[in-house]
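J.: let's see this in three dimensions:
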Amino acid sequence: MFRLFVIGILLCYSKPSIGQDKELFQSEINQHEKHLSFQKQNSIASSWFDVTYYGLNLTVTTSPQHLNGVVTIEGICREPVSTILTFDLMNSMHVDSVKVDGALCTFVQQPASLDVSLDVIYPADRKLKIEIYYQGLPVGTGFGSFMFGMHSDVPWVWSLSEPYGARDWFPCKDHPSDKVDSADITVTCDSSFKVGSNGNLVAVINNGDGTKTHYWQERYPIASYLISIAITNYQQFSDWFHYSPTDSMEILNYVIPERLSSAQSELPKTIDMLKIFSDLFGLYPFIKEKYGHADFGRGGAMEHQTMTSTTTYEENTIAHELAHQWFGDMITCRTWPDLWLNEGFAQYATALYLERKYGQSSYRDYMQNQLSNARLAVGSLYVEDTSTVRNLFDVNRVYAKGASVLHMLRHVLSDSIFFRSLFSYANHPQLKYSTASTEDFKNVCEQISGTDLTYFFNEWIYGEGYPRYSIYWNLKDSSSGYVVELMLKQISGEIQSNIFTMPIDFKLIASAWDTVVTVFNNTSEQIYHIPVNRIIKNIQLDPDGWILKVISEDFNRNFILYQNYPNPCGTYTWISYALPSQMHVKLTLYDLLGREIKTLVNETKPIGVHEVNIAEIAEYPSGVYYYRLTGLNLAITKKLLILH
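T.: Predicted coordinates for the structure are as follows:
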C-alpha cells in the first residue's frame, strides 16, 4: 500500500538515500485517524451481492470544489432477495436518485451507507444494474481519500482510498474481497488539466465549453480501494518496457511541471524494476494496459492499479509500489488482517530488486534495517484489530516484520524452493487477479516445499514477538580432535513467552578458517555436540542475519586450557585457552622437572578464546613438557610432547 517514506537505510552504492521518514508517516496517521469514526466498522455493503462492474462518470470542479457523479454498479445476487440492497457511501455525498434495471426506486441514506429498496423478489444468480446519481464535497478520511489541493497556485485533485476511503467519493462495496471484473472511469474537468487513472486512456473529448472528458478503461479485475483519479496541469512523458523482441508496454508518467526534470531523471529506473520483477514473479500482470506514475499532493506513494500516485521518485519507493502491482493489485489481500500479503511482500520485493540490481551486500544492508525495525513491532503480523489506520499501517509491524518474515522463510526453505513458491503463489490460477489469505500463501509454500510450515506461520504471522537467545559453548578434547559443546537457550519475556522453532546457523571460527553448521532449535534449552578438527576461537549465532532475534549473551562459560596443536610438535605449536570473563592470566611452559622454560602470557585478557604461538620449539630438546594457565584462583596444566 501507501508507502509514506516508510523504512530506510543508507546504501553504499551510487544511488539516492532511501529517505524514509517514520516520524512523518506516523504523524500523517495521527492527523487522519480522527476522521475514521464511521470507518471503524469496515464495509457494511450487502454480502449477498457480488459486484462485477463499476462505471464512474464524474464531473469535478475546483472553483467551487465539487464532485458530481453517476455511478453504474453491476452485479449478481448470490441468493434470493427481496429486501434492501446496501452499498457503502458516506452521507457527505448527497444521493439525488437511484435506478435498478432502469427503474427509479426508493432509497435511504445512512451515515455511512446507502440502502436501496428492492420491490420485487430476485432469484439467485440474477444480474442487477444499479445507477446512482449523487453530488457533494467529499470529506477525506484515512490517508485523505479524496482531496482538493494546490501546487504552484494550480488546482490539484487526487484520491487515495485505502483502506476505507472509496466510499467517501463513490458508492461501492468497499471491501478488498469483492473485486470487480472491470471498471470505466470517466472524468470531466477543466480543459487545461489531464486526468490520470486506471487502465487505458481510450479517448479525450473536448466539450467546447472549457471542459474535456477523459475516458479510462480498466479491463482487469480491480478492488474498490485501487480505483483512483489524479487531476491537474500535468506534463506527460513515457518510457517503454520491452518485454519481448517484438512487444513493449508504455510506462506513462503524469508529472507536475515543477518536478518534470527530476522525474525524467529518476523514473526510467522503473524499466529495470519491471524486468527484475517479471523475472521473479511472472510477466507484469497488466501488460495489455500500462504502468505509470501520477504526482499527487501528499507524502509518499500509493499503488493504484496500473498508475501509482506518488510524491517521491526515490528508488526504493518506486520499487515498492511497482511490486504491489503483483502483490496487492493482481493478488489482493482478501481481508484487511491479511494486509501483510500486500505490504510485507512489496517491502521484501524491494530487497530482491536491490539484490538483483546492486548485489548481495545491498540486500543484506536493507534487510538488517528491516529486522531492526521489526524488533519494535507490537502485535501479530496478522492484524486482528483493523478499525484504525494506525493498526493497519504500522510501519514496524506490517511493513518491516512482513518483509522480515519472508526473509526468514527464504532461509528456512532454501533459495530454490522459496523462489519457486513465490512464483507459484503469484501465478496460482485461483489467486491470480483475485484475492488471497495468509492460509492460501501457506498452502502454496507447503505444496512446493513438501514441508509442514504450521510452526513457522503460527509463530511469525499469527504470534507475537521474536526469540531472545543466549548461547554458551565449550571446546572439549576428543579422540579424533575436538568437540564443540554448544548450549542454546531461549529467554522468555513479558511480550513473548512462546518458544520459537527455527533452524539456526552457527559460524565456527578458528585461525584462518571458519565453517557454518545448522542446528534445529525447538525447545527452551538445547545442547548440541559438533565435532571439529581444530581449536575454535569464536562462535557466531546467525552470522548472516537471517533471523529476527536478540542475542543476550554469546560466550564460552568456562575457564579452559586446550591441548596444543600440533602435538607432538617439532618446529612450532599453538596453545589456546578460553576465559569466561576479563581477568589477569599467566601461561607458562615447564620442563619435565618443573623448571620454568618460558612465560608465554602474563597480562589481563578479555573474555573469549585466545591463542599463543610457540615458534621456537626447534630450540628445545625432545621430551615431555608441561604448560600451565593460571587466573584468579584457577589453574589448569596440560602435557606437551616435543619430537625432533
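J.: how about the helices of this protein, start to end?
T.: Taking DSSP state H, the helices of the chain run over residues 22-33, 260-266, 270-281, 315-323, 340-358, 360-374, 389-392, 401-413, 415-426, 438-449, 454-457.
J.: out of these, which is the most enclosed?
T.: Highest mean neighbour count of these: helix 315-323, a mean of 26 (counted as mean count of other C-beta atoms under 10 Å). Bear in mind the C-beta positions are built from the backbone N, C-alpha and C, glycine included.
J.: OK, contacts around residue 504?
T.: Taking C-beta atoms under 8 Å, 6 or more residues apart in numbering, we find residue 504 in contact with 469, 488, 518, 519, 520, 521, 541, 542, 547.
J.: in the sheet, who's paired with it?
T.: Residue 504 forms beta bridges with residue 519, as assigned by DSSP bridges.
J.: and it, how far from residue 83?
T.: Distance of residue 504 to residue 83, computed by C-beta to C-beta, to the nearest Å: 58 Å.
J.: which ones are touching residue 120?
T.: With C-beta under 8 Å, 6+ apart, residue 120 has these contacts: residue 82.
J.: got phi/psi on it?
T.: Dihedral pair for residue 120: phi -130, psi 160, per degrees, to the nearest 10.
J.: against residue 73, how distant is it?
T.: Per C-beta to C-beta, residue 120 is found 18 Å from residue 73.
J.: for stretch 187-196, measure first residue to last.
T.: Terminal residues of stretch 187-196 are spaced 10 Å apart (C-alpha to C-alpha, to the nearest Å).
J.: in that stretch, what counts as buried?
T.: 187, 188, 189, 190, 193, 194, 195, 196 (16 or more other C-beta atoms under 10 Å).
J.: then stretch 46-63?
T.: Across stretch 46-63, burial judged by 16+ other C-beta under 10 Å covers 46, 49-52, 54-62.
J.: these: which two are farthest apart?
T.: 50 and 62 (36.0 Å; C-beta to C-beta).
J.: circling back to that earlier point, between the buried residues of stretch 187-196, which is nearest residue 354?
T.: residue 196 (27.8 Å).
J.: skipping adjacent residues, who's closest to the residue nearest the centre of the chain in space?
T.: Most central in the chain under C-alpha atoms, centre = their mean is residue 344, positioned 2.4 Å from the mean C-alpha point. Of all residues not flanking residue 344 in the chain, residue 402 sits nearest, at 1.8 Å (C-beta to C-beta, 6 or more residues apart in numbering).
J.: doesn't residue 383 make contact with the residue nearest to the centre of the chain?
T.: No: look at residue 344 against residue 383 with C-beta atoms under 8 Å: they stay out of range, at 11.3 Å.
J.: tell me, what's touching those two both at once?
T.: residue 398.
J.: burial count for the nearest residue to residue 455 once chain neighbours are set aside?
T.: Sequence neighbours aside, residue 501 is the residue nearest to residue 455 in space, at 4.6 Å (criterion: C-beta to C-beta, 6+ apart). Using other C-beta atoms under 10 Å, residue 501 has 15 neighbouring residues.
J.: so who does residue 501 touch?
T.: Residue 501 neighbours (C-beta under 8 Å, 6+ apart): 455, 456, 459, 520, 521, 522.
J.: residue 364 too?
T.: By C-beta under 8 Å, 6+ apart, the contact list for residue 364 reads 544, 545.
J.: any idea how far it lies from residue 407?
T.: With C-beta to C-beta as the criterion, residue 364 and residue 407 are 10 Å apart.
J.: now residue 625
T.: As for residue 625, its distance to residue 407 is 52 Å (criterion: C-beta to C-beta).
J.: ditto for residue 380
T.: Taking C-beta to C-beta, one finds residue 380 at 18 Å from residue 407.
J.: on that earlier part again, farthest pair in the contacts of residue 501?
T.: Spatial extent of the contacts of residue 501 (C-beta to C-beta) is set by the pair 459 and 520 at 13.9 Å.
J.: which one's more surrounded, these two?
T.: Neighbour count, other C-beta under 10 Å: between residue 459 and residue 520, residue 459 has more, with 22 against 10.
J.: can you list the domain ranges for this protein.
T.: Per automatic domain parsing, the structural domains of the chain span 43-323, 468-555, 560-642.
J.: so can I have TSV of these showing distance to residue 372 and mean pLDDT?
T.: Below are the domains of the chain laid out as TSV (distance: least, C-beta to C-beta, whole Å; pLDDT from 0 to 100):
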stretch	distance to residue 372	mean pLDDT
domain 43-323	16	97
domain 468-555	10	88
domain 560-642	25	91
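J.: just those domains: most buried one?
T.: Scoring the domains of the chain by mean neighbour count under mean count of other C-beta under 10 Å gives domain 43-323 as the most buried, with a mean of 19.
J.: that domain spans what distance, first to last residue?
T.: End residues of domain 43-323 are separated by 26 Å (C-alpha to C-alpha).
J.: repeat that for stretch 174-187.
T.: Start to finish, the residues bounding stretch 174-187 are 21 Å apart (C-alpha to C-alpha).
J.: what's the answer for stretch 457-464, then?
T.: For stretch 457-464, the first-to-last residue distance is 11 Å (C-alpha to C-alpha).
J.: just how off-centre is that stretch within its chain?
T.: 15 Å (C-alpha atoms, centre = their mean, to the nearest Å).
J.: chain neighbours aside, what residue packs nearest to residue 65?
T.: residue 148 (4.5 Å).
J.: tell me what that neighbour is bridged to.
T.: With DSSP bridges as the criterion, residue 148 is bridged to residue 157.
J.: surely it meets residue 154?
T.: No: contact criterion C-beta under 8 Å: residue 148 and residue 154 do not qualify, at 11.9 Å.
J.: so how far is residue 599 from the residue of the chain most remote from its centre?
T.: For the chain, the residue at maximal distance from the C-alpha centroid (C-alpha atoms, centre = their mean) is residue 593, at 68.0 Å. The spacing between residue 593 and residue 599, counted by C-beta to C-beta, is 17 Å.
J.: show me the contacts for residue 331.
T.: By C-beta under 8 Å, 6+ apart, the neighbours of residue 331 are 341, 425, 426, 431, 432, 433, 434, 435, 436.
J.: out of the residues you listed, which one sits closest to residue 567?
T.: residue 425 (55.9 Å).
J.: now, which of the buried residues of stretch 187-196 sits nearest residue 78?
T.: Closest approach between the buried residues of stretch 187-196 and residue 78, by C-beta to C-beta: residue 187, at 31.5 Å.
J.: isn't residue 473 up against residue 487?
T.: Yes: counting by C-beta under 8 Å, residue 473 touches residue 487, with 7.0 Å between them.
J.: residue 164 is in contact with residue 174, isn't it?
T.: Yes: the pair residue 164 and residue 174 qualifies as a contact (C-beta under 8 Å) at a distance of 6.2 Å.
J.: pop out the phi and psi values for the residue nearest to residue 455.
T.: phi -100, psi 120.
J.: good, we can wrap up now.
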